[in-house]
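Participant: Generate a structure from the sequence data that follows.
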Amino acid sequence: MVLINLGRKKIRINARECCGLGKVIGLMFSRQNSARARIFKFNRVTRMPIHSVFCPKFLAIWLLKGRVVDYETVDKTRFSIKPASEFDTLIEVPINKKYKKVLKFFKTS
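Facilitator: Got it, this is the predicted structure:
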């Protein structure tokens, strides 16, 4: 579970922390309707790109020291997605009914 602050609004996201091989796989090969949110914590600040090959559509939320620095809805088969600035945490939220409140919070469809 992670608490997200966006301005004065807050929301909790039930996300599974990924480590090891899970950091490489993320949402790849997940089914849209049953996928669960993933959280990736990095040991350093980075601006590393992500991709969405073999992933269901998802909301990417980049954080730096717990604050949202960028977020974007990511469609399938994008080879390089970078946030507006550096981050130390990435949350991938699949676009499905389970995360309806989160998607509405970020005004995503």
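Participant: From now on I want contacts and neighbour counts done on CA atoms only, so please keep to that.
Facilitator: OK.
Participant: in the chain, what secondary structure element scores lowest on mean pLDDT?
Facilitator: None of the helices or strands of the chain scores lower by mean pLDDT, DSSP states H and E than helix 21-25, at a mean of 62.
Participant: Distance across stretch 79-97, terminal residue to terminal residue?
Facilitator: 26 Å (Cα to Cα, to the nearest Å).
Participant: Sheet partners, orientation included, of the helix or strand containing residue 16?
Facilitator: In the assignment (DSSP states H and E), residue 16 maps to strand 15-17. Sheet pairing for strand 15-17, assigned by DSSP bridges, gives strand 37-46 (parallel).
Participant: And the strand it pairs with, what's buried?
Facilitator: 37-41 (16 or more other Cα atoms under 10 Å).
Participant: what is the mean pLDDT for the strand holding residue 16?
Facilitator: For strand 15-17, mean pLDDT rounds to 89.
Participant: what about the residue nearest in space to the middle of the chain, helix or strand, and which?
Facilitator: For the chain, the residue nearest the mean C-alpha position is residue 92 (2.2 Å; Cα atoms, centre = their mean). Following DSSP H and E, the helix or strand that holds residue 92 is strand 87-94.
Participant: Okay then, goodbye and thanks.
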